[in-house]
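[1] kindly generate the corresponding structure for this input.
(one chain, ligands or ions: 2)
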Amino acid sequence: MEVTLLANKGGVGKSTLSILLHEALKKAGKSVIIRDWDIQGTSNKALALILGKETNPAIHHDIIIYDTPPNLEHPATITAVKNADLAIVVVSPSPADIWEAEKTVQFVREQNKEAVIRLIFNKVRKGTLLGRLIDESAKQISAPTLKSMLSYRECYQHALGEGWKALDGAAREEVLELAISITTIKTQANNLIRY
Ligand SMILES: Nc1ncnc2c1ncn2[C@@H]1O[C@H](COP(=O)(O)OP(=O)(O)O)[C@@H](O)[C@H]1O
Ligand SMILES: [Mg+2]
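    Ligands and ions are numbered 1, 2, ... in the order given. All right, here's what the predicted structure looks like:
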């Protein structure tokens, strides 16, 4: 299955999510690889730190995660969207992000009619005003929102350098739940491969 993480802006957590999903899916026994197509190379650098070696793109992987540049016009973003079985639009709970999210959903629909589209909220602070914005804003967006979200946690910042071992129990649980929910989404690829 090819999973593309995208957003029309930087800082929402595409690279962090790429790394966290990579770690959690490995823990869940999947073979997974990140294709980092952002020239900033955040997830490639993080992977090099975590693994201490390069991954081998030549061998088969159950899941390919594309990390993309923070803009929809970039050729790398377009190609990653065209490849996607599942396109995940990453949003943080702020009005500006939510406005961009619908535009991003429309962009995916134009580029790839087959892709399943889901929204994921990252940096969620439960019990805050912005946290409460999520339910309301999710209704304004024409693609479903994943029930699993990622909270704002300091340990996620450390995950870029240290991977799984930077995460405390609650974070691990949250990321695993998200990873599993992603592998159970029905996409064309998931209909062919039995996980
Ligand atoms: N859930 C989170 N909790 C706390 N910090 C986060 C979270 N997600 C991302 N960050 C931080 O936000 C910043 C931007 O994240 P990054 O993954 O590089 O975004 P993008 O790839 O979309 O530009 C980084 O400093 C990262 O550590
Ligand atoms: Mg990035």
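
[2] separation between residue 6 and residue 110?
    Per Cβ to Cβ, to the nearest Å, residue 6 is found 13 Å from residue 110. (Glycine included, C-beta is placed from N, CA and C.)

[3] and residue 2, by the same measure?
    Separation of residue 2 from residue 110 (Cβ to Cβ): 18 Å.

[4] same question, residue 35
    As for residue 35, its distance to residue 110 is 22 Å (criterion: Cβ to Cβ).

[5] residues of the protein that sit close to ligand 1?
    Within the chain, the residues that sit near ligand 1 (Cβ under 6 Å from any ligand atom) are 7, 10-16, 42, 70, 122-123, 150, 152-153, 156-157, 160.

[6] rewinding a little: who has more neighbours, residue 2 and residue 110?
    More neighbours sit around residue 2 than around the other of residue 2 and residue 110, counting by other Cβ atoms under 10 Å; the figures are 19 against 10.

[7] confidence score at the more buried one?
    For residue 2, the model assigns a pLDDT of 97.

[8] for it, what are its contacts?
    Taking Cβ atoms under 8 Å, 6 or more residues apart in numbering, we find residue 2 in contact with 63, 64, 66, 83, 84, 85, 86, 189.

[9] from the residues of the chain next to ligand 1, which land in helices?
    Residues from those lying in helices, with DSSP state H as the criterion: 14, 15, 16, 42, 156, 157, 160.

[10] could you look up the SS state of residue 105?
    For residue 105, the assignment made with DSSP: H, G, I helix; E, B strand; the rest coil gives helix.

[11] with adjacent residues omitted, what lies nearest to it?
    Beyond its immediate neighbours in the sequence, the residue positioned closest to residue 105 (Cβ to Cβ, 6 or more residues apart in numbering) is residue 143, lying 4.5 Å away.

[12] many thanks, I have nothing further to ask.
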